[in-house]
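Participant: quick one, structure for this:
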Amino acid sequence: MRRREFISLVGGAAVWPFAARAQQGGMTVIGFLSARSASGDANLVAAFRRGLADAGFFEERNVTIEFRWGDGRTDRLPALARDLVDRRVALLVAAGGISSVAASEATSTIPIVFISTSDPMENGVVPSLNRPAGNVTGISLTAVSLAPKRVDLLLELLPDAKVIALLVNPTTSTTTPAEVRDVPAAAAARQRTVRIVNATAESDFDAAFATLSRRGIDALVVGTDPLFVKARSQLVALAARHKIAAIYDRREFAEAGGLVAYGANIAAGYRRGGVYAGQILKGAKPANLPVEQAATFELVINMKAAKALGLTVPPAFLARADEVIE
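Facilitator: So this is what the prediction gives:
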């Protein structure tokens with residue numbers, strides 16, 4: 001895989017005006033909020049810690065991290081965010097778009113660094129990427145806005161596909177509306193039809209894929225959602241069982257056996273989030289740290305999955321892939 005670079009808009013760094021940082025055993029306390037799970041995101045947490053270390057902060061040396069995991073239950077996030085605020089953490093790290101909304105609604109004073117694959121402006125978290133204002137800034141990985149590109153890639157692999165399904169969680173307000181808008185529009189521009197299938201819990205997946213098979217779906221776009229990321233192994237296994245070619249938003253799906261993934265390098269984004277957190281702990285003001293955006297993205301294809309589906313991957317597609325999993 002080629003090294004991925006991130007760009008940030010130029011901004012100054014003023015001192016954040018809070019005198020008393022949360023302390024625990026003499027160490028600064030960071031709150032970390034995520035809708036996903038500790039086991040599923042271990043690699044991302046490790047990347048975040050590397051970013052903190054880049055900025056001079058080391059867990060159990062000069063900082064400690066209080067984790068709150070939603071385990072796929074987004075409805076738990078507001079209470080988890082309030083719990084961290086009540087603990088008077090020095091900084092809140094919001095992993096994911098839903099977490100960033102919950103964190104920003106829970107406090108307007110504690111600095112927040114989000115690491116999100118949804119649009120932070122559309123979610124109302126910041127008014128501007130260049131001038132985020134208030135107590136919130138972060139890393140935008142723009143996975144949702146890449147949905148039309150995923151349609152293009154899927155059709156490049158399956159040019160004869162006429163009906164495409166979009167799997168979404170209808171309860172997720174930060175990503176689903178944009179995907180329900182953008183995927184059908186992208187498909188219609190290519191004279192394809194989209195069928196939307198909903199899943200709000202892991203228990204819905206079997207029925208959702210049975211519906212896909214019954215409707216004669218040719219290909220599937222899996223939406224950007226923490227529930228889907230948490231249950232990626234289950235989703236990949238169901239796609240394989242039902243012989244459905246699917247594209248996903250992050251490399252972890254392809255690593256789990258999924259056909260193809262296209263999106264930002266999420267781990268690199270978490271590392272940058274750690275750097276931003278460190279800058280704020282050193283005194284930078286979130287309002288003066290522009291939202292950093294992914295500049296380039298990675299395409300990962302799993303050839304074992306392609307062979308199981310009987311797909312012939314075009315040489316040009318393979319040539320563009322950042323990683324080919326054999």
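Participant: all the helices of the chain, in order from the start?
Facilitator: Remark: helices of the chain, listed N- to C-terminal, are 42-54, 77-86, 97-106, 147-157, 176-188, 205-214, 226-230, 232-241, 251-255, 266-281, 303-308, 315-320; assignment by DSSP state H.
Participant: how about those in CSV, adding mean neighbour count?
Facilitator: In short, each C-beta sits where N, CA and C put it, glycine included. As requested, those are arranged in CSV below (neighbours: other CB atoms under 10 Å):
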stretch, mean neighbour count
helix 42-54, 18
helix 77-86, 18
helix 97-106, 26
helix 147-157, 20
helix 176-188, 19
helix 205-214, 16
helix 226-230, 26
helix 232-241, 19
helix 251-255, 23
helix 266-281, 24
helix 303-308, 16
helix 315-320, 11
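Participant: low-confidence stretches in the stretch 51-200 of the chain?
Facilitator: 143-145 (pLDDT under 70).
Participant: look up the closest residue to Gly56, ignoring the ones flanking it.
Facilitator: Ranked by CB to CB, 6 or more residues apart in numbering and with sequence neighbours excluded, the top spatial neighbour of Gly56 is Gly278, at 6.3 Å.
Participant: if we can go back for a sec, the helices of the chain: which one's closest to Glu122?
Facilitator: Distances from Glu122 to each of these were compared using CB to CB; the shortest belongs to helix 176-188, at 6.7 Å.
Participant: who does Leu299 form a beta bridge with?
Facilitator: Beta-bridge partners recorded for Leu299 (DSSP bridges): Tyr262.
Participant: before we move on, back to that, hang on, the residue nearest to Gly56 packs against Arg49?
Facilitator: No - under the criterion of CB atoms under 8 Å, Gly278 makes no contact with Arg49, lying 10.8 Å away.
Participant: can I see the domain layout of the chain?
Facilitator: Recorded structural domains for the chain (assignment: automatic domain parsing) are 6-142+264-294, 144-263+298-325.
Participant: if I look at the residue nearest to Leu158 when sequence neighbours are not counted, how far off is Glu156?
Facilitator: If the residues on either side of it in the chain are set aside, Leu158 comes closest to Ala219, at 5.1 Å by CB to CB, 6+ apart. Ala219 sits at a distance of 11 Å from Glu156 (criterion: CB to CB, to the nearest Å).
Participant: and if you look at Gly269?
Facilitator: Separation of Gly269 from Glu156 (CB to CB): 26 Å.
Participant: which residues does the most centrally placed residue in the chain contact?
Facilitator: The structure's the chain has its C-alpha centroid closest to Thr117; by CA atoms, centre = their mean the separation is 3.9 Å. Thr117 makes contact with 96-97, 141-144, 175, 224, 249-250, 263-264, 266, according to CB atoms under 8 Å, 6 or more residues apart in numbering.
Participant: how about the residues you listed in TSV, adding distance to Arg215?
Facilitator: Rendered in TSV, the data for the contacts of Thr117 read as follows (distance: CB to CB, whole Å):
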residue	distance to Arg215
Gly96	30
Gly97	29
Leu141	31
Thr142	30
Ala143	26
Val144	24
Thr175	23
Thr224	22
Asp249	22
Arg250	26
Gly263	26
Ala264	31
Ile266	31
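Participant: what is the nearest of these to Val85?
Facilitator: Lowest distance from Val85 to the contacts of Thr117 (CB to CB) belongs to Gly96, with 17.5 Å.
Participant: that closest one and Pro226 touch, don't they?
Facilitator: Yes - taking contacts as CB under 8 Å, Gly96 lies within contact range of Pro226: 5.5 Å.
Participant: intersection of neighbour lists for those two?
Facilitator: With CB under 8 Å, 6+ apart as the test, Gly96 and Pro226 both reach Ser34, Ala35, Arg36.
Participant: how much space separates the nearest residue to Pro148 once chain neighbours are set aside from Val180?
Facilitator: Computed as CB to CB, 6+ apart, the closest residue to Pro148 that is not its neighbour in sequence is Ala186, at 3.6 Å. For Ala186, the distance to Val180 (CB to CB) stands at 12 Å.
Participant: Ala35 too?
Facilitator: Ala35 sits 19 Å away from Val180, taking CB to CB as the criterion.
Participant: ditto for Ala231
Facilitator: Distance of Ala231 to Val180, computed by CB to CB: 20 Å.
Participant: same question, Thr117
Facilitator: According to CB to CB, Thr117 stands 16 Å off from Val180.
Participant: try Met121
Facilitator: When CB to CB is the yardstick, Met121 and Val180 sit 19 Å from each other.
Participant: what's the answer for Glu292, then?
Facilitator: Here the criterion is CB to CB. By it, Glu292 lies 27 Å from Val180.
Participant: with adjacent residues omitted, what lies nearest to Ala55?
Facilitator: Using CB to CB, 6+ apart and skipping the chain neighbours, the partner closest in space to Ala55 is Gly278 (2.2 Å).
Participant: residue contacts, that neighbour?
Facilitator: Neighbouring residues of Gly278 by CB under 8 Å, 6+ apart: Gly51, Leu52, Asp54, Ala55, Gly56, Phe57.
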